[in-house]
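J.: only geometry, no sequence info:
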């Protein structure tokens, strides 16, 4: 038995055993379960390192009724995601509070186990089963707080959209398997590229729609804020930093591994939907009062950035530009990594704030940097990464993505040029708004003076500080060591075209180039070593924190953006006067939530049409028996006509 197999068995077995231990009420057993999960996560990361640099694990004991063999196939792409999953889970398990719901404690390692299964299975049916298990586990985590009406609504919306997305994934994967005459991933990688362009185009459209739900892309992003707010904050970290990545893994595996040469319109769709999602996500986040809701909208923004990077790679593949393929894939992998660690750190900070103060309403918080220093540091690190500030991880990932969009002159076609230009403008605007949004969120929560004097924050725990410290250091370390991190991504992306980036992005002298020599370059490592201004900035920040002056509210700070982008928000306000109309005693302004972020308004045309069809079908069901027999006969005749075309 190989070392990779031993590590995979140890990691999955450890996660499976930690779940029942975490579910008991005994504090010592819960601690044992948490540390067992930490050890299993470390083994998972070690297995990923072996898969990327040393060996591949293939174990196919199952036969799906002559529809292809199935089992486990751990290649370098799966190994890259295993490294990320394991390394992110270690500090999350360390920082998680051992109190709270026993069900949530048990579901977290099971969610990680489902994610691992998605990464390593090698058959369509296995993939669909474990894909749905991740949805069910997230649904269960939300339902733990079933006494909260908002959690119940979030769970219903999450499950509804997930089922629609799952149906699209099922249709796309089954169509790919039928036309490819196998449901084995190994066979699909060989037969898929040889299918007709029409079949591959339909498969891409179906799978894009299905994966878009999991990745929370516009217009099916509305489930994500409610799902994050519906779970406890510790569980939200696992949902955001671990389970969300399966959507991007699936996109990479299927789009670049199974579907062969893409059409240009595939790239155009990915670029436009991704960039629009990023912009809508950060616009929604700026208006949020709840810190956790803001972090959730930030995930929508980053999902859009990742899909935009994948759109760059698709454009490069469609236009026969190997440099763009490698650049887009590396930028996407770097953005996924930066988002995972930063989002895990932000949710760890949010969990600490909520446990210490009892709320995450920014209108009631302020001045928490002194009583909660670890939460402040990890939130600052995560915010700096997601706001693309050097030398943190997000700076490198967004720089690579923007440099990829600047390569638009290397491709042909007016449509391609227009899509890249629009995506570039949207991403640039998103980057600026993200910096504003994170300054607002951190400033309102941790800086300034306490807004509610009745809130007395409780002290942080030792385990929580350790986990948050690891996450804060990771966001910085990934950015500083970017030239070496890129080499890991180059090896991990080799099965889907990442080998085109080898020797073109990571350069000698601690440099990173955007796939093409003499176009641009940066050195995050040298940048880190030479930014002595950080010390001066820290001293200035300390001075500013000592001032006691008037301060913004969260809504007031966001008012500028609300006014500028009111064409998007369409905020409805109502002014009411109390007392005499000419000389009122008090004025009250009511502001409604922007309708574009309201699922009830966004999906009303679809639900209305569905209900009308349902009423029509209900009338049909009340017909006589002879009419039912006619329906069966017509369905049978239609099946006889269609079945030969599917063979």
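T.: Done, it's in. On a predicted model such as this, the values are computed, not experimentally measured, just so you know.

J.: Residue 513 touches residue 486, doesn't it?
T.: No - checked against C-beta atoms under 8 Å, the pair residue 513 and residue 486 is beyond contact range at 10.1 Å. From N, CA and C alone the C-beta is placed, and that goes for glycine too.

J.: which residues are in contact with both of the two?
T.: residue 505 (C-beta atoms under 8 Å, 6 or more residues apart in numbering).

J.: Check what pLDDT the residue nearest in space to the middle of the chain gets.
T.: Nearest to the geometric centre of the chain sits residue 244, at 4.1 Å (C-alpha atoms, centre = their mean). Per-residue pLDDT puts residue 244 at 94.

J.: so what's it up against?
T.: So residue 244 contacts 214-216, 299, 303 (C-beta under 8 Å, 6+ apart).

J.: Doesn't residue 448 belong to a helix?
T.: No - using DSSP: H, G, I helix; E, B strand; the rest coil, the assignment for residue 448 is coil, not a helix.

J.: thought it was touching residue 366?
T.: Yes - the pair residue 448 / residue 366 is scored as a contact, 4.7 Å apart, by C-beta under 8 Å.

J.: wait, what's in contact with residue 496?
T.: Listed by C-beta under 8 Å, 6+ apart, the contact partners of residue 496 are 77, 252-253, 256-257, 329.

J.: Residue 292 should be in a helix, yeah?
T.: Yes - secondary structure of residue 292 (three-state DSSP): part of a helix.

J.: you'd agree it is up against residue 350?
T.: Yes - applying C-beta under 8 Å as the test, residue 292 and residue 350 come out as touching, 5.1 Å apart.

J.: anything in contact with each of these two?
T.: Common contacts of residue 292 and residue 350, defined by C-beta under 8 Å, 6+ apart, comprise 233, 236, 360.

J.: per-residue confidence for the second one?
T.: Note on residue 236: pLDDT of 91.

J.: same for the helix or strand containing it, what does it pack against?
T.: Residue 236 is located in helix 233-238, with elements delineated by DSSP states H and E. When contacts are defined as 3 or more C-beta pairs under 8 Å, 6 or more residues apart in numbering; DSSP states H and E, helix 233-238 sits against helix 76-95, helix 102-120, helix 291-318, helix 322-357.

J.: For residue 526, give its distance to residue 247.
T.: 35 Å (C-beta to C-beta, to the nearest Å).

J.: Looking at these two, which one has more neighbours?
T.: Using other C-beta atoms under 10 Å as the criterion, residue 526 and residue 247 rank with residue 247 on top: 24 against 14.

J.: quick one, phi/psi of the more buried one?
T.: phi -70, psi -40 (degrees, to the nearest 10).

J.: can you pull the buried residues of stretch 357-369?
T.: Buried residues in stretch 357-369, counted by 16 or more other C-beta atoms under 10 Å: 357, 360-362, 364-369.

J.: Return the member of these nearest to residue 198.
T.: In terms of C-beta to C-beta, no member of those lies closer to residue 198 than residue 360, at 49.3 Å.

J.: burial count for residue 401?
T.: 31.

J.: Contacts only, for the residue lying closest to it once chain neighbours are set aside.
T.: Computed as C-beta to C-beta, 6 or more residues apart in numbering, the closest residue to residue 401 that is not its neighbour in sequence is residue 331, at 4.5 Å. By C-beta under 8 Å, 6+ apart, the residues touching residue 331 are 309, 312, 397, 400-401, 404.

J.: For residue 310, see how far away residue 331 is.
T.: 9 Å.

J.: which residues in the chain form strands?
T.: Here the chain has its strands, by DSSP state E, at 57-63, 69-74, 506-507, 511-512, 573-579, 584-591.

J.: The second one packs against which elements?
T.: Packing partners of strand 69-74 (3+ C-beta pairs under 8 Å, 6+ apart): helix 3-23, strand 57-63, helix 102-120, helix 124-143.

J.: out of these, nearest to residue 91?
T.: helix 102-120 (13.2 Å).

J.: And the closest one, what's buried?
T.: In helix 102-120, counting by 16+ other C-beta under 10 Å, buried: 104-120.

J.: Give me the buried positions along stretch 171-183.
T.: 171-177, 179-180, 182-183.

J.: swap in stretch 56-76?
T.: 56-57, 67-76.

J.: Could you do stretch 203-221 as well?
T.: Those would be 203-218, 220-221, for stretch 203-221 by 16+ other C-beta under 10 Å.

J.: Next, report how far that stretch is displaced from the centre of its chain.
T.: Put simply, stretch 203-221 sits 13 Å off its chain's centre (C-alpha atoms, centre = their mean, to the nearest Å).

J.: quick one: which two of the contacts of residue 244 are the most distant?
T.: 214 and 299 (11.9 Å).

J.: quick one on the thing from earlier: contacts for the helix holding residue 236?
T.: 89, 92, 95-97, 100, 104, 107-108, 111-112, 141, 144, 228-229, 292, 295-296, 343-344, 347-348, 350-351, 354-355, 360.

J.: And the residues you listed, which of them are buried?
T.: 89, 92, 95-97, 100, 104, 107-108, 111-112, 141, 144, 228-229, 292, 295-296, 343-344, 347-348, 350-351, 354-355, 360.

J.: Roughly how far does residue 245 sit from residue 336?
T.: 6 Å.

J.: repeat for residue 302
T.: Residue 302 is 9 Å from residue 336, by C-beta to C-beta.

J.: more neighbours, those two?
T.: Higher neighbour count among residue 302 and residue 336: residue 302, with 30 against 24, using other C-beta under 10 Å.

J.: What residue, apart from its backbone neighbours, is nearest the more buried one spatially?
T.: Nearest residue to residue 302, sequence neighbours excluded (C-beta to C-beta, 6+ apart): residue 339, at 4.3 Å.

J.: What's the local residue count around the one you found?
T.: Residue 339, neighbours per other C-beta under 10 Å, totals 28.

J.: Distance of it relative to residue 13?
T.: According to C-beta to C-beta, residue 339 and residue 13 sit 29 Å apart.

J.: Ok, which of the helices and strands packed on helix 233-238 comes nearest residue 629?
T.: Residue 629 sits nearest to helix 102-120 of all the helices and strands packed on helix 233-238, at 43.9 Å, using C-beta to C-beta.

J.: And that closest one, what does it pack against?
T.: Here helix 102-120 touches helix 3-23, helix 27-53, strand 69-74, helix 76-95, helix 124-143, helix 233-238, helix 245-251, going by 3+ C-beta pairs under 8 Å, 6+ apart.

J.: Just send these back as a markdown table, with distance to residue 627 too.
T.: Compiled in a markdown table, the helices and strands packed on helix 102-120 are given as follows (distance: least, C-beta to C-beta, whole Å):
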| stretch | distance to residue 627 |
| --- | --- |
| helix 3-23 | 52 |
| helix 27-53 | 57 |
| strand 69-74 | 43 |
| helix 76-95 | 52 |
| helix 124-143 | 35 |
| helix 233-238 | 50 |
| helix 245-251 | 43 |
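
J.: So which of the ones you listed has the densest surroundings on average?
T.: helix 233-238 (a mean of 28; mean count of other C-beta atoms under 10 Å).

J.: hmm, back to that, from the contacts of residue 244, which is closest to residue 28?
T.: Closest approach to residue 28 among the contacts of residue 244 (C-beta to C-beta): residue 299, at 34.6 Å.

J.: what sits against the closest one?
T.: 216, 224, 228, 240, 244, 281, 339, 343.

J.: and with 7 Å instead?
T.: 216, 224, 240, 244, 343 (C-beta atoms under 7 Å, 6 or more residues apart in numbering).

J.: And the residue lying closest to the third one once chain neighbours are set aside, how close does it get to residue 233?
T.: What that stands for is residue 240. Once flanking residues are discounted, residue 240 sits nearest to residue 343: 4.6 Å by C-beta to C-beta, 6+ apart. According to C-beta to C-beta, residue 343 and residue 233 sit 12 Å apart.

J.: Residue 498 now?
T.: 35 Å.

J.: Residue 296 too?
T.: 11 Å.

J.: same thing with residue 153?
T.: From residue 153 across to residue 233, the span is 19 Å (C-beta to C-beta).
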